[in-house]
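Participant: need a structure here:
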Amino acid sequence: MKTRYTIALSLLAGVALGGAAIQGLHAQGSKLKAYSISENELTATDASLPAVRKAIADHHGRSLLTLTGRVVGVEGGAPPKNVGIVEWDSVDDAMAFFKSKAWADLQAQRAQSVKTQRRYVVEVEK
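Facilitator: Numbering: from 1, shown residues only. Coordinates of the predicted model:
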């Protein structure tokens, strides 16, 4: 009878340790999502917008198409005129895009139609 309890407890301990190990390995491999937010003022018709959105998509970003949406202030100072939000798989992916040649190549074109007040990347907890 004592042998059965020993086997049952060993089995339970093995399942618990295996579950904890899998959870630990899963947590190591998952990165947190990130969002880049830009507060902008459109100074002209933004002809660069399709090229910018294509470059973002090519770098695995997902534009939330908010640039021409309504921005409503809730607290604090006046809200920006326009806000662009892009979802990224991680902060590293977002920063790699903003340091990329594709983004740099669009700088002159963007400068003609958009004045950016601020741009930042926010990591989102699960």
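
Participant: Which segments of the chain make up each domain?
Facilitator: Domain assignment for the chain by automatic domain parsing gives 1-30, 34-123.

Participant: which stretches of the protein form helices?
Facilitator: For the chain, applying DSSP state H gives helices covering 2-29, 49-58, 91-98, 101-105, 107-111.

Participant: Comparing the ones you listed, which yields the minimum mean pLDDT?
Facilitator: In terms of mean pLDDT, the lowest-scoring of those is helix 2-29 (a mean of 58).

Participant: returning to what we had before: highest mean neighbour count out of the domains of the chain?
Facilitator: Across these, the average number of neighbours (mean count of other Cβ atoms under 10 Å) peaks for domain 34-123, which reaches a mean of 14. C-beta coordinates here come from the backbone N, C-alpha and C atoms, glycine included.

Participant: Span of that one from start to end?
Facilitator: End-to-end distance of domain 34-123 (Cα to Cα, to the nearest Å): 4 Å.

Participant: Equivalent analysis for stretch 99-116, please.
Facilitator: Stretch 99-116 has an end-to-end distance of 16 Å (criterion: Cα to Cα).

Participant: For that stretch, which outside residues touch it?
Facilitator: 38-48, 51-52, 55, 58-59, 97 (Cβ atoms under 8 Å, 6 or more residues apart in numbering).

Participant: Kindly provide the distance from the spatially most central residue of the chain to Val86.
Facilitator: By Cα atoms, centre = their mean, the chain has its centre lying nearest to Ala34, at 2.3 Å. Distance, Ala34 to Val86, using Cβ to Cβ, to the nearest Å: 9 Å.

Participant: joint contacts of the two?
Facilitator: Common neighbours of Ala34 and Val86 are listed as Ala94 (criterion: Cβ under 8 Å, 6+ apart).

Participant: rewinding a little: Provide a list of residues in contact with the residue nearest to the centre of the chain.
Facilitator: The contact partners of Ala34, by Cβ under 8 Å, 6+ apart, come to Glu87, Trp88, Asp89, Ser90, Val91, Asp93, Ala94, Val121, Val122, Glu123, Val124.
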